[in-house]
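A.B. asks: Fold the following.
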Amino acid sequence: MSASTVTRRRVAALLSGAAVMSPYILRAQDASRPLRIVVPWPAGGGVDTFARVIQAPLGRQLGQTVLIDNIGGGSGRVGTQTAARAQPDGFTVLLANDTFAATEALPLPGTVSRRASFAPVTLAASAPQGVFTHPRSGLKTLADYVEAAKAKPGALNVGIPGIASSQHLTSELLLRAAGNAVVAHVPYRGGGPLIQDLIAGNIDAGVVTFAAAAQQAAAGQLIALGVTSAERAVAFPTVPTATATVAPGFVQTTWMGIFAPKGTPEPARGRLHTALLAVLKDSAVIERLQTLGFDAVGLNGAGFAKLFEQTISTFAGIAAERGINAES
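C.D. replies: Purely as a prediction, here's the structure:
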């Protein structure tokens, strides 16, 4: 099951679901303590953008303060490790994207699996990855990008939010699907720093979660060359898909979801899942997410765990084929 398939099914269910529940129903946990959501990326990237959208409405549902703790570094590994070490008391969770699956597919030598340290709670949203460039690059379309990558293999400098990030491996999947084109991937600590360097023209292009750079593209600071979803984004209908232009049949979307440290009591995980579902059913939240290029999902922990493992398998396959390891 792909993330895009999950999205289509879950959005329909969310839109037709029950009315958003009263915040007071969920106030069974100590509301005097905040819920800390660890985002393993710097501010300004796609995961952080999503976290800021749900922060206030989730706090209202839970009846407690929700804090966003950005801890970047190591393609998400630093923040993930921090969350794994938190007390499993329901007051600290991890909001990760599919780069968590990528780093599980490509572990650093001598490190242990981190997925055993967490229980998936909710697959919250999905979004396409986007290929962006700056207005002075001379690249106007995704076809231009692919042709340049084929004409001079490795000459294009393409930013990614870290080696072995989901954007890195999605970029490799796209390049393979477009005829085995080759670029030089330039790793950053996250999407935010990458986007600033791209705006400055210090790199030729970048692959980030579409929502992370969509507003800069709308403002003319960047050019959105294409998206990796099956269909064009609702809020950005002029941006073509890779499957319709350079890679027929290619679809690879990113996902974002909540993980709780292993040992977090089931009632605490259930309470958070219920609250997050209520947030994702809110029409204002849905509209805001769609404006940014996200789709609400709301898949439960069991379904999320299955997708997580499938994503690890996909990323491990392309990494082996393209000769990528965590220290590339």
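A.B. asks: Enumerate the positions of stretch 230-250 that are buried.
C.D. replies: By 16 or more other CB atoms under 10 Å, the buried positions in stretch 230-250 come out as 230, 232-233, 235-236, 239-243, 245-247, 250. To be clear about C-beta, it is placed using only N, CA and C from the backbone, and glycine gets the same treatment.
A.B. asks: Tell me, how many residues neighbour the closest residue to G191 other than its chain neighbours?
C.D. replies: Distances taken as CB to CB, 6 or more residues apart in numbering place G45 nearest to G191, at 3.1 Å, with adjacent residues excluded. Other residues lying near G45 total 30 when counted by other CB atoms under 10 Å.
A.B. asks: quick revisit: which one of the buried residues of stretch 230-250 is nearest L94?
C.D. replies: Comparing the buried residues of stretch 230-250 against L94 with CB to CB picks out A233 as the nearest, at 26.3 Å.
A.B. asks: count of neighbours near the residue nearest to Q215 when sequence neighbours are not counted?
C.D. replies: Once flanking residues are discounted, Q215 sits nearest to L292: 7.8 Å by CB to CB, 6+ apart. Applying other CB under 10 Å, we find 23 residues neighbouring L292.
A.B. asks: sorry, back to before: would TSV of the buried residues of stretch 230-250 with distance to A214 and secondary structure be doable?
C.D. replies: Putting those into TSV (distance: CB to CB, whole Å; DSSP: H, G, I helix; E, B strand; the rest coil) gives the following:
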residue	distance to A214	secondary structure
A230	18	coil
R232	12	coil
A233	8	coil
A235	7	coil
F236	6	coil
V239	9	coil
P240	14	coil
T241	15	strand
A242	16	helix
T243	19	helix
T245	18	helix
V246	20	coil
A247	21	coil
F250	20	coil
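A.B. asks: what helix or strand is L276 on?
C.D. replies: Using DSSP states H and E, L276 falls within helix 266-281.
A.B. asks: what's downstream of that helix, the next helix or strand?
C.D. replies: Following helix 266-281 in sequence, per DSSP H and E, is helix 283-292.
A.B. asks: Which of the residues in stretch 150-159 are classified as buried?
C.D. replies: For stretch 150-159, burial by neighbour count (16+ other CB under 10 Å) applies to 156-159.
A.B. asks: Tell me how far that stretch lies from the chain's centre.
C.D. replies: Taking CA atoms, centre = their mean, to the nearest Å, one finds the center of stretch 150-159 at 24 Å from the center of the full chain.
A.B. asks: who touches that stretch?
C.D. replies: Contacting residues not belonging to stretch 150-159 are listed as 145, 148-149, 171, 179, 181-188, 194, 197-198, 203-208 [CB atoms under 8 Å, 6 or more residues apart in numbering].
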